[in-house]
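Peer 1: Quick one, what's the 3D model for this:
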Amino acid sequence: MTKKIVITGIGATTPLGGTATDTWTNLLAGQSGTSTLNHPWVAETQIPVTFAAQARVSPADVLERFEVKRLDPSSQFALIAGREAWADAGSPEVEPERVAVDWATGIGGVWTLLDAWDTLRERGPRRVLPMTVPMLMPNGPGAALGMDLHARAGIRTVVSACASSTEALVNAYDRLQAGLADIVIAGGSEAAIHPLPIAAFAAMHALSTRNDDPATASRPYDIGRDGFVLGEGAAALVVETEEHAKARGAHIYAELLGGVVNSDAYHITAPDPEGAAAARAMIGTIQNAGFDLKDVAHINAHATSTPVGDIAEYNALRRVFGDLLDGIPVSATKASTGHLLGGAGAIEAVFTVKALAERMAPPTINLTAQDPAIPLDVVTTPRALPAGDLLAISNSFGFGGHNAVIAFRSV
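Peer 2: Below you'll find the predicted structure:
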């Protein structure tokens with residue numbers, strides 16, 4: 001028998017705020033989390049893109065000193081977001097053997113890896129930190145959070161580029177349906193605002209180059225969009241069966257209806273321009289949830305602000321919904337947060353959950369001249385969602401052709 005799976009806690013540290021509450025408030029206020037990078041390495045490396053969406057609150061201001069020293073920034077963000085989500089869920093008293101972690105990252109401990117390489121070259125092997133390997137491993141963030149929560153039902157890490165944390169949520173849903181845990185903390189983190197990833201993304205012409213106006217650089221669907229803005233941070237959601245949540249008197253934000261993970265098998269970086277596999281993921285997600293296309297009341301789009309990616313997702317959406325798409329409000333929240341890569345799906349899941357819980361679709365900023373080739377109903381100021389039973393989906397797509405879609409229902 002299919003179980004009802006619900007969200008009972010959320011946490012985040014992002015370019016918009018150090019908590020989920022602050023992030024959501026500033027998102028609704030139309031703020032941008034993007035700013036000029038003020039680091040010596042910007043001039044030293046002569047990187048062509050000099051801005052990014054940096055975390056609003058430094059982990060050093062939140063964590064203990066020993067935690068900062070022993071964890072890569074991607075793990076630091078995970079610990080902050082995960083602890084907030086766990087506290088928001090009421091700090092559940094659950095047997096450790098029934099607690100699991102489904103986490104995600106796109107790149108992992110890149111700061112640790114590259115700092116260690118610099119140390120090796122400049123100071124020799126004896127100066128390389130002994131914790132370097134566990135700090136740089138992609139499973140480091142999930143492991144740090146799992147140890148903090150004493151999760152012994154399994155710690156799993158997904159590395160599927162920008163679809164990673166949406167896939168982690170699908171995995172959490174499946175784990176709970178299989179009865180392998182009573183409660184799962186799921187999400188994703190990323191900390192790749194480093195000169196090498198910036199230079200590499202810039203080399204493939206993936207990043208916006210609006211160095212003179214960073215706050216408006218991420219502009220999904222705009223005719224002047226020229227690439228994504230690299231972001232950092234983490235988001236976490238506490239996921240459990242409705243039966244388990246009600247038994248402990250937990251607050252329920254929304255129901256997680258599961259999702260679909262598939263792949264384009266088209267190109268290592270470019271999406272399938274026709275959006276065929278992405279469309280199948282959306283259709284499968286909605287059908288598996290037991291709903292019809294006409295039931296979808298809100299979409300949080302992947303919408304990275306790249307010339308190719310935005311239109312490919314539009315083609316997929318139109319392929320799925322046809323004329324119904326014209327009446328569905330679409331939010332493209334990377335305009336405010338930048339692109340958190342492996343953490344993007346998690347923070348956008350938080351936004352989708354909050355949109356349903358508060359009946360409010362968040363705005364898409366920086367849309368000054370909408371591309372006529374993408375005639376979506378884009379939410380540009382906070383918009384009230386209707387009363388009644390609401391269904392929303394959140395899309396995530398990544399390099400390598402990874403596609404992941406999840407659905408939520410209001411409660």
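Peer 1: quick one: low-confidence ranges for this structure?
Peer 2: For the chain, no stretch is flagged by pLDDT under 70.
Peer 1: quick one: the helices in the chain?
Peer 2: Assigned by DSSP state H, the helices in the chain fall at 20-28, 40-45, 65-70, 73-88, 110-123, 132-136, 140-149, 164-177, 195-203, 242-247, 276-288, 307-321, 334-337, 344-358.
Peer 1: Dump those into a markdown table; add distance to D222 and mean neighbour count as well.
Peer 2: For the C-beta atoms, the positions are set from N, CA and C on the backbone; glycine is no exception. Conversion of the helices of the chain to a markdown table gives the following (distance: least, Cβ to Cβ, whole Å; neighbours: other Cβ atoms under 10 Å):
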| stretch | distance to D222 | mean neighbour count |
| --- | --- | --- |
| helix 20-28 | 18 | 21 |
| helix 40-45 | 26 | 11 |
| helix 65-70 | 38 | 13 |
| helix 73-88 | 29 | 27 |
| helix 110-123 | 30 | 15 |
| helix 132-136 | 37 | 19 |
| helix 140-149 | 33 | 24 |
| helix 164-177 | 24 | 26 |
| helix 195-203 | 20 | 17 |
| helix 242-247 | 40 | 16 |
| helix 276-288 | 21 | 21 |
| helix 307-321 | 9 | 21 |
| helix 334-337 | 9 | 30 |
| helix 344-358 | 19 | 28 |
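Peer 1: and A234, which of those is closest to it?
Peer 2: helix 73-88 (3.7 Å; Cβ to Cβ).
Peer 1: For the closest one, name the packing helices and strands.
Peer 2: For helix 73-88, the elements it packs on are strand 5-13, helix 20-28, helix 65-70, helix 110-123, helix 140-149, strand 183-190, strand 233-241, judged by 3 or more Cβ pairs under 8 Å, 6 or more residues apart in numbering; DSSP states H and E.
Peer 1: from memory S396 sits against A346, does it?
Peer 2: No - with contacts counted by Cβ atoms under 8 Å, S396 stays clear of A346, the gap being 9.3 Å.
Peer 1: re earlier: output the helices and strands packed on helix 73-88 as a markdown table; include the columns distance to G338.
Peer 2: Shown next, in a markdown table, are the helices and strands packed on helix 73-88 (distance: least, Cβ to Cβ, whole Å):
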| stretch | distance to G338 |
| --- | --- |
| strand 5-13 | 14 |
| helix 20-28 | 12 |
| helix 65-70 | 23 |
| helix 110-123 | 16 |
| helix 140-149 | 19 |
| strand 183-190 | 10 |
| strand 233-241 | 9 |
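Peer 1: of all the ones you listed, which lies closest to Y266?
Peer 2: So among the helices and strands packed on helix 73-88, strand 183-190 is nearest, using Cβ to Cβ, at 23.6 Å.
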